[in-house]
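K.L.:
Predicted coordinates and the sequence they were generated for:
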Amino acid sequence: MDGAAINGHLYVVKWLSEHRKEGCTTEAMDGACRNGHLEVVQWLYYERQIPVSPHALTWAADAGRQHLAEWLVTTCAVECDVSEALVSAAASGHLSLFVYFVKSCSQWNVSEDILIVAARHGHLDMVKWIVMTSDPPVTTLMATKAACNEQRTLVMSYFNSMDTMDSMGDDDVESGSDDDEDLSDECGDALLIEQVNDLADDSSSCGDAGSDYEDD
C-alpha cells in the first residue's frame, strides 16, 4: 500500500485497504506528499487517520504543488512547519505559491532572511515582489552580497539599479536621459506585482482545497 500511495494510485490504495490488513505506514503519507498526490493524501488523512509530517508543507512548496499546499494550509497548518515552507518556496522560486502563503497566513512575515534566500537562488521576480510589497521595507545589503557571491547577475543588476535611483536627487531624475526607460521598468514591475497577486487570489478561490476528495 505504501508503494501505491507514493505513486499516486488511489484506486489501488483503496482496494488494498479493503482486502488486506498489512501495510499503510507513515511512509505512504510522506511519499504521497512529496510527490504531490493530493487525493491520496486526503484519503489517507480522512479514512486512515494518518497524520501529515511537519515537513509536508515544505515538500509541497519545494515542488510547487500549489493545490496540495493550499489544502495543507487550510486543513493541517498547525501540524506543519510554516516558516520552513516559506523559505522553501523562496528558494525554489514558486512565486505564486509564495504569495499565497504570505497572503493566507498573517504569521508568515517576509523578512530579510527570506529576501536573501530568493536572491541567493537568483529568483529575480520573487526578489522584486518582496522588495516592492514588504511593509516595513526589508533591507537589501545582505541580499545583494548573497547574489554577488552566487554570481546572480540579474538580481545584482536590479539591486544596483535600486542603489542608483536612491542616490539620485529629484532634479537628476527629472533631467536624466533614461526617464522613459526607468518609467517603463517601474510600470513593468508594477504589472508583475499585480499579475502575481491576481494569480494567487485566483488559485485560492478557484482551486478549492477543501475536505472533499475525488472518489475513484
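P.N.:
In hand now; what should we look at?
K.L.:
can you tell me how far V117 sits from K145?
P.N.:
13 Å (Cβ to Cβ, to the nearest Å). Where you see a C-beta, it was placed from the backbone N, CA and C, and this is true even at glycine.
K.L.:
again, but for H37
P.N.:
Going from H37 to K145 by Cβ to Cβ gives 40 Å.
K.L.:
Between those two, tell me which one has more neighbours.
P.N.:
H37 (22 against 15; other Cβ atoms under 10 Å).
K.L.:
In contact with the more buried one, which residues?
P.N.:
Listed by Cβ atoms under 8 Å, 6 or more residues apart in numbering, the contact partners of H37 are A5, I6, N7, G8, L10, L68.
K.L.:
Which of those residues has the largest number of neighbours?
P.N.:
A5 (30 neighbours).
K.L.:
Chain neighbours aside, what residue packs nearest to that residue?
P.N.:
A28 (3.7 Å; Cβ to Cβ, 6 or more residues apart in numbering).
K.L.:
Report the contact partners of the one you found.
P.N.:
M1, D2, A4, A5, I6, V13, V40, L44, I50.
K.L.:
could you redo the last one with a cut-off of 7 Å?
P.N.:
Residues near A28 by Cβ atoms under 7 Å, 6 or more residues apart in numbering: M1, D2, A5, I6, L44, I50.
K.L.:
gap between the helix or strand encompassing it and the chain center?
P.N.:
Element membership for A28, per DSSP states H and E: helix 26-34. Averaging C-alpha positions (Cα atoms, centre = their mean, to the nearest Å) puts helix 26-34 20 Å from its chain's average.
K.L.:
what's the answer for stretch 55-74, then?
P.N.:
Relative to where its chain is centred, stretch 55-74 has its mean C-alpha point 8 Å off (Cα atoms, centre = their mean).
K.L.:
Now do the end-to-end distance for it.
P.N.:
16 Å (Cα to Cα, to the nearest Å).
K.L.:
List of residues touching it?
P.N.:
33-34, 36, 38, 41-42, 52, 80-82, 84-85, 88-89, 92, 94, 96-97, 100, 104-105, 203-204, 207, 209.
K.L.:
8 Å instead, please
P.N.:
Here stretch 55-74 has contacts from 29-30, 33-38, 41-42, 52-53, 76-77, 79-82, 84-86, 88-89, 91-92, 94, 96-98, 100-101, 104-105, 203-204, 207, 209-210, using Cβ under 8 Å, 6+ apart.
K.L.:
Give the burial count for the residue nearest to C24 when sequence neighbours are not counted, as a bare number.
P.N.:
Leaving aside its sequence neighbours, C24 sits nearest to M1 (Cβ to Cβ, 6+ apart; 4.4 Å). A count of nearby residues for M1, using other Cβ under 10 Å, gives 21.
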